[in-house]
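*Asks:* Sequence below, structure please.
(2 chains)
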Amino acid sequence: GENVEQHPSTLSVQEGDSAVIKCTYSDSASNYFPWYKQELGKRPQLIIDIRSNVGEKKDQRIAVTLNKTAKHFSLHITETQPEDSAVYFCAANSNDYKLSFGAGTTVTVRA
Amino acid sequence: KAGVTQTPRYLIKTRGQQVTLSCSPISGHRSVSWYQQTPGQGLQFLFEYFSETQRNKGNFPGRFSGRQFSNSRSEMNVSTLELGDSALYLCASSLGGTSDGELFFGEGSRLTVL
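*Replies:* Predicted structure coming up:
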């Protein structure tokens, strides 16, 4: 099955700086890579996803890059704001139709 | 439209008991998947149901089971509870399946086993 590793587990950034979270996956057949954000006490919500036919996708201050050869993908948040403080989960699908999640990154934006 | 609803939101059980959790998906969604969330472990996949059939299963013991009804509502059951089963149990619904589209999560059922 798919194994998704996520780093770092915690990340503290100054407001206005950028944050980068990296994930690696093991299944070369994976073709869908979503990112979910979970604010404290709330449900996870999809913030961006990327499919294997593109290398980068942007949505305002967030972007995701994918390197299929190296089997890794990253989330980039620019101009961080206090509301970006949350736990972020990466995920990757596999050829047995499962979605495997990383262990999560707790992002804290310091004012 | 209404989101994913999970009941109960909080519950406390003792070791050896069993528990049943319920999940009502977004109207029109046929896939319901269940996840166990514990600190530091992320979201561990339990199983997925699609049109009343279990389509996929994670690496959990047989004490964890589930089902889906004709209206797409789903239940999961944990028998012979252990202390380690204390966790937040999240369900998610989606249109086609868990592996290639957006998952809409419920707020979760927080289970404490004493």
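
*Asks:* neighbours of residue B:70, just the number please.
*Replies:* When counting by other CB atoms under 10 Å in any protein chain shown, one arrives at 7 neighbours for residue B:70. All C-beta atoms are positioned from the backbone trio N, CA, C, and that covers glycine.

*Asks:* Next, it: phi, psi?
*Replies:* phi -60, psi -20 (degrees, to the nearest 10).

*Asks:* Do I have it right that it meets residue B:52?
*Replies:* Yes - look at residue B:70 against residue B:52 with CB atoms under 8 Å: they come within range, at 6.3 Å.

*Asks:* what's the lowest-mean-pLDDT helix or strand in chain A packed up against?
*Replies:* None of the helices or strands of chain A scores lower by mean pLDDT, DSSP states H and E than strand A:99-101, at a mean of 93. When contacts are defined as 3 or more CB pairs under 8 Å, 6 or more residues apart in numbering or on different chains; DSSP states H and E, strand A:99-101 sits against strand A:32-38, strand A:86-93, strand B:42-50.

*Asks:* Take those and write them to a markdown table, including distance to residue A:111, mean neighbour count and mean pLDDT.
*Replies:* Below are the helices and strands packed on strand A:99-101 laid out as a markdown table (distance: least, CB to CB, whole Å; neighbours: other CB atoms under 10 Å in any protein chain shown; pLDDT from 0 to 100):
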| stretch | distance to residue A:111 | mean neighbour count | mean pLDDT |
| --- | --- | --- | --- |
| strand A:32-38 | 19 | 21 | 97 |
| strand A:86-93 | 15 | 25 | 96 |
| strand B:42-50 | 28 | 23 | 93 |
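
*Asks:* Tell me the residues of chain B that contact chain A?
*Replies:* B:4, B:33, B:35, B:40-45, B:48, B:55-56, B:58, B:90, B:97-100, B:102-103, B:105-108 (CB under 8 Å from any CB of the partner chain).

*Asks:* among the residues you listed, which are in strands?
*Replies:* Counting by DSSP state E, the residues of chain B next to chain A place B:33, B:35, B:42, B:43, B:44, B:45, B:48, B:55, B:56, B:90, B:105 in strands.

*Asks:* how about the residues of chain A near chain B?
*Replies:* Counting by CB under 8 Å from any CB, chain A sits next to chain B at A:6, A:9, A:31-32, A:34, A:36, A:42-46, A:49, A:89, A:91, A:93-94, A:96-104.

*Asks:* Of these, which qualify as buried by neighbour count?
*Replies:* A:6, A:31-32, A:34, A:36, A:43-44, A:49, A:89, A:91, A:93-94, A:98-104 (16 or more other CB atoms under 10 Å in any protein chain shown).

*Asks:* Specify the beta-bridge partners of residue A:107.
*Replies:* residue A:11, residue A:86 (DSSP bridges).

*Asks:* pLDDT score assigned to it?
*Replies:* If you check residue A:107, the pLDDT there is 98.

*Asks:* where's it relative to chain B, distance?
*Replies:* As for residue A:107, its distance to chain B is 15 Å (criterion: CB to the nearest CB, to the nearest Å).

*Asks:* residue contacts, that residue?
*Replies:* A:10-13, A:19, A:21, A:77, A:80, A:84-88 (CB atoms under 8 Å, 6 or more residues apart in numbering or on different chains).
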